[in-house]
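S.K.: Below are the sequence and a predicted model for it; my questions follow.
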Amino acid sequence: MVKKLPLFFLSVLLIVFIYLHFRVTIRLEKKINLQEQDIEASLKYIEKLTAKLNQQQPLNEEITKSEKLRKMLEGYLNEKKEGNSEKKLKVTIDELQDELNKYELRKRFIPDITPVSGEYAVSQRFFQKHPAIDFAASVGTEVIASAAGEVISVYEDKYFGNVILIDHLNGYSTLYAHLAKALVPSKRFVQKGEVIALVGNTGNSTAPHLHFEIMLNEKHLDPDSLLIDIETE
């Protein structure tokens, strides 16, 4: 009996060692997988930036800022005329431009552009138990801010993986999840359309995609009701 005790303890120690070794191995594999995903996304992002630099459009093909402003002013003026056919308009270009600038400023902070820059497919729509839209895209696809605002938090979540939360300073906020890599830190102001992250497959995710949420005063909205450029099937 006395001789069997050391053997028993050795067996227990061996089992504990194997268990701890297994846990450490799983953690290392998970960490390596995240690092590989980060590297893959970063390399694709660098390749895309390089391609953009090599394929810039000539300046004469771009619409100048003044031309864009003129077209918007003309459209605005026409709308005013239609609503005031019996009244003579007494408004100056400066007043129109001032009103247009205010409108553009407000619009900058409304999350109405699709947060994926590149090819994607809507893999899941908004419903009660899934208050978001999922955009399936390859790892490394650029994620852009749907509106201007302050990056409130950049963090890692067990379910959502790498996450970015943006406050748009007008009651709206947006959340971007399952990211391979965040490219902006917290407490930073970002512009509408600015690249903030890369699509990934982190957290509880079975394939690379972006989980995108829009909230107004902390209440979830269907992104379909706001996004003006989302591709429909």
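M.R.: Received it, and whenever you're ready, just let me know what you need. Numbering: from 1, shown residues only.
S.K.: quick one: low-confidence parts of the chain?
M.R.: Along the chain, segments meeting pLDDT under 70 span 1-5, 7-10, 12, 16-17, 21, 49-96, 232-233.
S.K.: give me that answer again for 90
M.R.: Within the chain, the segments meeting pLDDT under 90 span 1-107, 118, 228-233.
S.K.: residues in contact with residue 220?
M.R.: Residues in contact with residue 220 (CB atoms under 8 Å, 6 or more residues apart in numbering) are 126, 131-132, 213-214. Every C-beta, even on glycine, is put in place using the N, C-alpha and C of the backbone.
S.K.: So what does it have for phi and psi?
M.R.: phi -70, psi 140 (degrees, to the nearest 10).
S.K.: just the one 4 residues further on next, same as before
M.R.: The phi and psi values for residue 224, taken as degrees, to the nearest 10, are phi -60, psi -30.
S.K.: residues in contact with it?
M.R.: Going by CB under 8 Å, 6+ apart, residue 224 touches 125-126, 133, 230.
S.K.: How about residue 44?
M.R.: The neighbourhood of residue 44, defined by CB under 8 Å, 6+ apart, consists of 138-141, 198.
S.K.: Where helices are concerned, which of the contacts of residue 220 count?
M.R.: Members of the contacts of residue 220 lying in helices (criterion: DSSP state H): none.
S.K.: Go through those residues and name the one nearest residue 33.
M.R.: Out of the contacts of residue 220, the one with the shortest distance to residue 33 is residue 132. That distance is 24.0 Å, counting by CB to CB.
S.K.: Test my guess that the closest one contacts residue 212.
M.R.: Yes: because the distance of 5.7 Å satisfies CB atoms under 8 Å, residue 132 is recorded as touching residue 212.
S.K.: tell me, what's touching these two both at once?
M.R.: With CB under 8 Å, 6+ apart, residue 132 and residue 212 have common neighbours 175, 223.
S.K.: can you redo the contacts of residue 220 as JSON lines with neighbour count?
M.R.: Putting those into JSON lines (neighbours: other CB atoms under 10 Å) gives the following:
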{"residue": "126", "neighbour count": "18"}
{"residue": "131", "neighbour count": "16"}
{"residue": "132", "neighbour count": "21"}
{"residue": "213", "neighbour count": "20"}
{"residue": "214", "neighbour count": "28"}
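S.K.: Among the residues you listed, which ones are in strands?
M.R.: Taking DSSP state E as the definition of strands, those contribute 213-214.
S.K.: Just the closest of the contacts of residue 220 to residue 110, please.
M.R.: Nearest to residue 110 among these, with distances taken as CB to CB, is residue 214, at 9.9 Å.
S.K.: Beta-bridge partners for that closest one, please?
M.R.: The bridge-partner assignment for residue 214, based on DSSP bridges, gives residue 174, residue 221.
S.K.: Quick check, it in contact with residue 147.
M.R.: No: contact status for residue 214 versus residue 147: not in contact, 9.3 Å apart, counting by CB under 8 Å.
S.K.: residues shared between the contacts of the two?
M.R.: Common neighbours of residue 214 and residue 147 are listed as 111, 172, 174 (criterion: CB under 8 Å, 6+ apart).
S.K.: what sits against the first one?
M.R.: Put plainly, it is residue 111. Contact analysis of residue 111 by CB under 8 Å, 6+ apart lists 146-147, 168, 172, 174, 214, 223, 226.
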